[in-house]
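A.B. asks: A predicted structure for the sequence below; I have some questions about it.
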Amino acid sequence: MSFNYAKTAGKFLCIGRNYIAHIKELNNQKPSEPFFFLKPSSSVLLPGEGPTLVPKGVVVHHEIELACVIGKTLKDLDPEAFGSQEALDAIDGYALAIDMTARNVQDKAKKKGLPWTIGKGFDTFLPLSAFIPKEKIPDPYNVELKLSINGEVKQQDKTDLMIFPIHKFISKMSAVMTLNKGDVILTGTPKGVSQIHPGDHIDASISIDGNVLPESILSLDVAQKPGPYEFKED
């Protein structure tokens with residue numbers, strides 16, 4: 001299985017609030033247009049590289065997502081162009097991603113009107129599967145995402161529940177910053193996010209019409225993050 005895409009990606013971009021039920025469970029407002037944020041390459045965790053780490057004092061939530069791997073340069077596409085084929089044609093393949101979020105760190109930053117990069121950017125906060133060839137996902141809206149913790153299903157929904165279609169937010173991103181070959185775009189998470197703790201075990205996968213894609217399978221432990229960082233409320 002190939003993991004080169006994750007090691008050579010220039011940017012990891014994440015669409016926010018793209019599933020209604022997830023917006024409601026966090027008491028957020030539905031966005032009127034796509035918005036996105038970046039995760040650092042240092043947050044990538046590939047299969048076999050060890051556990052995902054929970055920093056001291058941090059409430060970490062899992063967010064399972066379908067990720068698109070861009071196959072060519074995109075710049076200044078029109079996000080209002082309905083069904084922009086250029087954006088969809090630029091997808092080289094897919095991956096399963098888990099966008100780990102330090103929820104209490106993020107919430108504190110939001111309340112103070114500060115950037116919340118830290119809440120998304122800790123080491124190991126972006127577990128990624130192997131590369132999934134595009135032909136294995138002929139319809140990106142017919143994908144079932146499933147994540148379990150210690151054998152209990154927490155997230156399980158279809159990508160047809162997305163608010164903003166993939167072509168629209170890829171076009172929007174390209175109008176803000178050039179998308180380069182190899183960039184990885186996370187498409188949002190469905191409902192069911194919950195806290196992970198050291199000692200937990202996470203299993204996640206993608207299914208198409210009831211068939212699990214072997215390349216998508218993620219199985220990882222959760223451990224305490226070593227080092228001096230500790231989150232404290234004021």
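C.D. replies: Arrived safely. Numbering: from 1, shown residues only.
A.B. asks: Ser205 bridge partners, please.
C.D. replies: As for beta bridges, Ser205 partners with Lys146 under DSSP bridges.
A.B. asks: Report how many residues lie close to it.
C.D. replies: Residue neighbour count, defined by other Cβ atoms under 10 Å, stands at 20 for Ser205. Where you see a C-beta, it was placed from the backbone N, CA and C, and this is true even at glycine.
A.B. asks: mind listing what it touches?
C.D. replies: Under the criterion of Cβ atoms under 8 Å, 6 or more residues apart in numbering, the neighbours of Ser205 are 96, 146, 212-213, 216-218.
A.B. asks: which of the residues you listed are buried?
C.D. replies: With neighbours counted using 16 or more other Cβ atoms under 10 Å, the contacts of Ser205 contain these buried positions: 96, 146, 213, 216-218.
A.B. asks: Mind jotting down where the helices sit in this protein?
C.D. replies: For the chain, the helices defined by DSSP state H cover 4-8, 20-25, 85-89, 103-111, 118-121, 166-176.
A.B. asks: Tell me which of these lies nearest to Phe231.
C.D. replies: Proximity of those to Phe231 was assessed by Cβ to Cβ; the nearest stretch is helix 103-111, lying at 5.5 Å.
A.B. asks: In this protein, what helix or strand scores lowest on average pLDDT?
C.D. replies: Using mean pLDDT, DSSP states H and E, helix 20-25 stands out as the lowest-scoring helix or strand of the chain, at a mean of 76.
A.B. asks: Tell me how many other residues crowd the nearest residue to Met100 once chain neighbours are set aside.
C.D. replies: Spatial nearest neighbour of Met100, excluding adjacent residues (Cβ to Cβ, 6 or more residues apart in numbering): Phe125 at 3.9 Å. By other Cβ under 10 Å, the residues close to Phe125 number 24.
A.B. asks: just the one 10 residues further on next, same as before
C.D. replies: Look at Glu135: counted by other Cβ under 10 Å, it has 7 neighbours.
A.B. asks: Next up, the contacts around it.
C.D. replies: Contacts here follow Cβ under 8 Å, 6+ apart; on that basis Glu135 touches nothing.
A.B. asks: For Pro40, see how far away it is.
C.D. replies: Computed with Cβ to Cβ, to the nearest Å, the distance linking Glu135 and Pro40 is 31 Å.
A.B. asks: and what of Lys108?
C.D. replies: Relative to Pro40, Lys108 is positioned 20 Å away (criterion: Cβ to Cβ).
A.B. asks: ok, now Val212?
C.D. replies: For Val212, the distance to Pro40 under the criterion Cβ to Cβ works out to 30 Å.
A.B. asks: Likewise for Asp209?
C.D. replies: Distance, Asp209 to Pro40, using Cβ to Cβ: 35 Å.
A.B. asks: Those two - which one has more neighbours?
C.D. replies: Summary of the neighbour comparison: Asp209 and Pro40, criterion other Cβ under 10 Å, with Pro40 having more neighbours (15 against 8).
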